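[1] next one to model:
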Amino acid sequence: TSACCHTFATTKKVMFPEIEGYRIQRVIGRGGMGIVFAATDLKLGRAVAIKILPEQIVGSEHARKRFELEVRAAAQLEHPSIVSVYGSGTSQLIDGVDLSIKIRTDESIESGEFGPPSTLRAADYQRWVAGIGLQLANALSHSHDHFVVHRDVKPANIMIDRKGDAYLADFGLARINDKSELTAENGLVGTVAYMSPEQILGRNPIDARTDVYSLGITLYELLTGQSAITETSCTAAMKQISEGRIQNPRSINSSIQRDLEPIVLKSVLPDPADRYPTAQAMAEDLQRFLDVVPVLARRPTVGTHVNRWGKRNAPWVSALVAMTFLCLLAIIAFGFYHSNQIERRSEIIRDQAAELLDVRGIELWRDDDPSGAANQFRRAVALTRNPLLRQRQQQRVAAIEAWSAKLDRHETLNGRLLARLSNGSQVINR
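    Okay, here's the model as predicted:
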């Protein structure tokens, strides 16, 4: 009988199960999907890890598919930083602990049993974190090259051995060949605190960048000593993830090296297009950090923060832009209206002045001052824009000019006649 068919009762005291062909030695891990025991394969004489389901989920179709998926995924992968799966429920035994134990208690690290010695300086510890990040990124790159997306990268699925090396385990939620055969009832698979925004929002594609995000969150937690997701309720945590509200690591731990922080921040950007495109690209940047050469990742600028804020608050930004546009239209419309009102009042004032000039011109005409009257009428024509007033005043000017011309001719003729009469009188007198 395969190991995965055995069950145990989830009591405080764990009873070692009896499994044909195996000798159970100790418990090395436990979680929602069962307890993992260290055992010896009596037939092959090798140490193995056996995962055994709790009896309340042993009949679950979900659990059965998860075991089958893990075996199929692992069968395609062979990498020094990936835990090998031998069969249903049995896998390579790593002489160590899962990374979540170090994050929760740090007891194993402080005792010097697993991982780096507790006496390491901050800079050396950060290099160790970057080193296991490099190992895991290379493991994910190998997985992605074989069309397997892990989808559940988190400390509990990462083993640390006595040398401090990291191993990626549990491909039970993997997506193989871009097909996901395992989903949860609520549509989410994985642990919320390590899930990417696209997983939370149910958006495709779920690809290599999804695993890059989860690895970045894990490194964040190792460097800062606290989760990147600070909300405690599931709903609030999902909202925080989808909005990309993650505090800069150096604001929590100022000793984090300046070239390491941008690598983590680039990995956990909310938009997959802004992250490392592949796990290999992330691994290369981690290698640059370890080689003490400039990394490609850069700290976000103010413009980047504004752009991300706009993406997170797209509905509000759209509303703000619409309101701003409407306000500008209102201001422009009011400006036109006000300008037209001023122009209209100016026209009224000019028309009133033209009418006064018109009246004055008539008075001068009646006082036998046609020249003065014509000047008043011309000024009225220049002021008014009323076509009727303009036409009337132009006609008056034309009439005065015609009358003046006629009067000038008459005066010329009268002058000539008087001159002739004067000449005739002189002749007669002689």
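[2] could you use CA atoms for every contact and neighbour count after this?
    Noted.
[3] what pLDDT, on average, does stretch 295-304 get?
    Here stretch 295-304 scores 75 as its mean pLDDT.
[4] cool, and stretch 350-363?
    Stretch 350-363 comes out at a mean pLDDT of 80.
[5] got the CA positions of it in CSV?
    The C-alpha coordinates for stretch 350-363 follow below in CSV (Å, rounded to 0.1, in the frame of the first residue of the first chain):
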residue,chain,number,x,y,z
ARG,A,350,-20.4,102.6,-27.7
ASP,A,351,-23.9,102.7,-29.1
GLN,A,352,-25.0,105.1,-26.4
ALA,A,353,-22.0,107.3,-27.1
ALA,A,354,-22.7,107.2,-30.8
GLU,A,355,-26.3,108.2,-30.2
LEU,A,356,-25.1,111.2,-28.1
LEU,A,357,-22.7,112.2,-30.9
ASP,A,358,-25.6,111.8,-33.3
VAL,A,359,-27.7,114.2,-31.3
ARG,A,360,-24.8,116.6,-31.0
GLY,A,361,-24.3,116.5,-34.8
ILE,A,362,-28.0,117.3,-35.4
GLU,A,363,-27.7,120.3,-33.0
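[6] buried residues in that stretch, which are they?
    Using 16 or more other CA atoms under 10 Å as the test for burial, stretch 350-363 gives 350, 351, 353, 354, 355, 357, 358, 359, 360, 361, 362.
[7] so which of those residues are in strands?
    Among these, none falls in strands (DSSP state E).
[8] got JSON lines for those residues, with distance to residue 210 too?
    Formatted as JSON lines, the buried residues of stretch 350-363 follow (distance: CA to CA, whole Å):
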{"residue": "350", "distance to residue 210": "74"}
{"residue": "351", "distance to residue 210": "76"}
{"residue": "353", "distance to residue 210": "79"}
{"residue": "354", "distance to residue 210": "80"}
{"residue": "355", "distance to residue 210": "82"}
{"residue": "357", "distance to residue 210": "85"}
{"residue": "358", "distance to residue 210": "86"}
{"residue": "359", "distance to residue 210": "88"}
{"residue": "360", "distance to residue 210": "89"}
{"residue": "361", "distance to residue 210": "90"}
{"residue": "362", "distance to residue 210": "92"}
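[9] nearest to residue 323 among the residues you listed?
    Residue 323 lies nearest to residue 350 out of the buried residues of stretch 350-363, by CA to CA, at 39.9 Å.
[10] quick one: the strands in this structure?
    Using DSSP E, the strands of the chain run over 7-8, 22-31, 34-41, 46-54, 85-87, 90-92, 96-98, 148-149, 158-161, 166-168, 175-176.
[11] ranking these by mean pLDDT, which is last?
    Lowest mean pLDDT of these: strand 7-8, a mean of 38.
[12] where are the low-confidence patches of the stretch 51-200 of the chain?
    Applying pLDDT under 70 to the stretch 51-200 of the chain flags the ranges 55-60, 62-64, 88, 104-120, 178-189.
[13] residue 331: how many residues sit nearby?
    For residue 331, the count of nearby residues is 12 (other CA atoms under 10 Å).
[14] nearest to residue 332, out of the strands of the chain?
    strand 148-149 (54.9 Å).
[15] contact partners of the closest one?
    Strand 148-149 is contacted by residues 73, 140, 143, 174, 175, 176, 177, 178, 206, 207, 208, 211 when judged by CA atoms under 8 Å, 6 or more residues apart in numbering.
[16] farthest pair in the residues you listed?
    The span of the contacts of strand 148-149, defined through CA to CA, is set by 73 and 206 at 16.2 Å.
[17] okay, the contacts of strand 148-149 in CSV with distance to residue 22 and neighbour count next?
    Formatted as CSV, those follow (distance: CA to CA, whole Å; neighbours: other CA atoms under 10 Å):
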residue, distance to residue 22, neighbour count
73, 24, 24
140, 31, 28
143, 30, 24
174, 28, 28
175, 31, 21
176, 31, 19
177, 34, 12
178, 36, 13
206, 38, 20
207, 38, 20
208, 37, 24
211, 34, 27
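[18] from those residues, pick the one nearest residue 314.
    Residue 314 lies nearest to residue 206 out of these, by CA to CA, at 22.4 Å.
[19] contact partners for that closest one?
    149, 198, 199.
[20] just residue 155 next, same as before
    Per CA under 8 Å, 6+ apart, neighbours of residue 155: 98, 99, 100, 103, 218.
[21] what of residue 380?
    Neighbouring residues of residue 380 by CA under 8 Å, 6+ apart: 353, 354, 355, 357, 358, 390, 393.
[22] now do the helices in the stretch 251-400 of the chain.
    Under the criterion DSSP state H, counting those that start in this stretch, the stretch 251-400 of the chain contains helices at 261-267, 279-290, 302-312, 314-366, 370-383, 387-429.
[23] need the winner for burial among those.
    helix 261-267 (a mean of 24; mean count of other CA atoms under 10 Å).
[24] let me see the contact set for the closest residue in space to residue 133 that isn't next to it in sequence.
    Nearest residue to residue 133 in three dimensions, chain neighbours excluded: residue 219, at 6.9 Å (CA to CA, 6 or more residues apart in numbering). By CA under 8 Å, 6+ apart, residue 219 lies in contact with 129, 130, 133, 264.
[25] tell me the buried residues within the residues you listed.
    Burial by neighbour count, 16+ other CA under 10 Å: within the contacts of residue 219 this picks out 129, 130, 133, 264.
[26] can I get those residues in CSV including distance to residue 284?
    Formatted as CSV, the buried ones among the contacts of residue 219 follow (distance: CA to CA, whole Å):
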residue, distance to residue 284
129, 15
130, 11
133, 11
264, 13
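[27] between the residues you listed, which is nearest residue 79?
    Taking CA to CA as the measure, residue 79 sits nearest to residue 133 out of these, at 15.1 Å.
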